[in-house]
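*Asks:* from the sequence below, what's the structure:
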Amino acid sequence: MKFIVSSTRLLKELQTIAGIIQTNNTLPILDNFLFTLDDNELVVSASDLETNMSVTLEVNGEGKGLLALPARILLDTLKTFPEQPLTFVVDDNKTSVELSSDYGKYALSCLDGNEFPRFPEVEDASTANLPATSLAEAIQKTIFATGNDDLRPVMSGVFFQFSSESLIFVATDAHKLVRYKRTDLSSDNTAEFIMPKKPLNLLRQSLLTANEVKVIYNETNAQFEYGNVILNCRLIDGRYPNYEAVIPRENPNKLLIDRVSLLTSIKRVAIFSNKTTHQIRLKLAGNALNISAEDLDFANRAHERLSCDYEGSDMEIGFNSRFLIEMLSNLESDVVRMEMSAPNKAGLIMPADTTEEGEDLLMLVMPVMLNA
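*Replies:* Numbers count the residues shown, from 1 in each chain. As a prediction, the model looks like this:
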């Protein structure tokens, strides 16, 4: 078993899947990449048992077989090479691999590839084809709003809702919620499933060079195929909360304001807020938005005034500044619209001008109780 491959190409492909490998694997075999050679086709895989990812590349190879090579030492070695062909030769006992470069030879210990966990088959599956850029955009717009509460695992992922009319992606941690809807995309099959955060982050990073993604899914697993990459993961089991029920429908108080001005103002004022609550106060009156914060423990306070376009009754409402900063940072429009009904009810944030046709983005943030 022998193959010759470009050093930079191999490094690039290994870095695509390296994010799966954990530092504290319960199975030692998971600290390795699985190399599967079939003459001139090489498939390299990584797994953490919940998520599996593989890349396929063409090599100059001889023979067939599979073996597991230590991921960390292989990556660290490849990073030191400029572009050049590398030759991998497996010894007869399949316990060591000799790596030859222009500079010398190196021996890596290897393990039997048959011990490596296999990708689960996605049986009785449905499929959908999505533009890679649209899926990457959906992940980018929603993943920051997912929760980290182990007691509520369904909130630690992004909810995918496919129908013949639209594709909807939702994330919430009970304090903030994001719903990203694409009415220009649809699926032949109606489906709902919850994707974990880790594979979504891997997808977001590796989708940039792809054109189309084939999504294969059933009740327990989802598989994403794009370019030369396959990502397979176990879905989060459970029923997602009824997110539509928490979105307020009647919001008579409407605010239009420059996004960057609002974001930078909140960032400055938030420095002076209480370090536990991160509370800031928004006071709306006429065409003025007053943003203030104070930390009574240290007698710190800040106040700024911004011009805006406001329609509604005068009101004061408090928010966690970190949530507002996250939301405004993940919007791209120049102007944002905020809609509110009362100081004790959720506020909505959305782009005032949608950049893409068929794109509908809504963000919800829960208020905090204001100090007297």
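
*Asks:* give the contact list for P196.
*Replies:* E50, T51, S156, G157, C233, R234, L235, I236 (CB atoms under 8 Å, 6 or more residues apart in numbering). C-betas here are computed from N, CA, C, even on glycine.

*Asks:* among those residues, which one lies nearest to E192?
*Replies:* Nearest to E192 among those: L235, at 10.2 Å, using CB to CB.

*Asks:* so that closest one sits against E192, correct?
*Replies:* No: look at L235 against E192 with CB atoms under 8 Å: they stay out of range, at 10.2 Å.

*Asks:* of those two, which one has the most company?
*Replies:* L235 (19 against 12; other CB atoms under 10 Å).

*Asks:* does the residue nearest to the more buried one when sequence neighbours are not counted sit in a helix or strand, and which one?
*Replies:* Nearest non-adjacent residue to L235, counting by CB to CB, 6 or more residues apart in numbering: F193, 5.0 Å away. Here F193 sits within strand 191-196, counting by DSSP states H and E.

*Asks:* right, and the helix or strand after that strand?
*Replies:* That would be, after strand 191-196 and using DSSP H and E, helix 197-206.

*Asks:* and that following helix, what's buried?
*Replies:* K197, K198, P199, L200, L202, L203, R204, S206 (16 or more other CB atoms under 10 Å).

*Asks:* now it against strand 191-196, angle please.
*Replies:* Using axes from the mean of the first three to the mean of the last three CA atoms, to 10 degrees, the direction of helix 197-206 lies 90 degrees away from that of strand 191-196.

*Asks:* ok, the helix or strand following helix 197-206: who's next to it in the sheet?
*Replies:* Under the assignment DSSP H and E, the closest C-terminal helix or strand after helix 197-206 is strand 212-217. Using DSSP bridges, strand 212-217 pairs in its sheet with strand 126-131 (antiparallel), strand 221-226 (antiparallel).

*Asks:* any chance of JSON lines for the buried residues of helix 197-206, columns distance to M350 and pLDDT?
*Replies:* Below are the buried residues of helix 197-206 laid out as JSON lines (distance: CB to CB, whole Å; pLDDT from 0 to 100):
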{"residue": "K197", "distance to M350": "24", "pLDDT": "95"}
{"residue": "K198", "distance to M350": "28", "pLDDT": "95"}
{"residue": "P199", "distance to M350": "28", "pLDDT": "96"}
{"residue": "L200", "distance to M350": "22", "pLDDT": "97"}
{"residue": "L202", "distance to M350": "28", "pLDDT": "95"}
{"residue": "L203", "distance to M350": "25", "pLDDT": "95"}
{"residue": "R204", "distance to M350": "22", "pLDDT": "92"}
{"residue": "S206", "distance to M350": "29", "pLDDT": "92"}
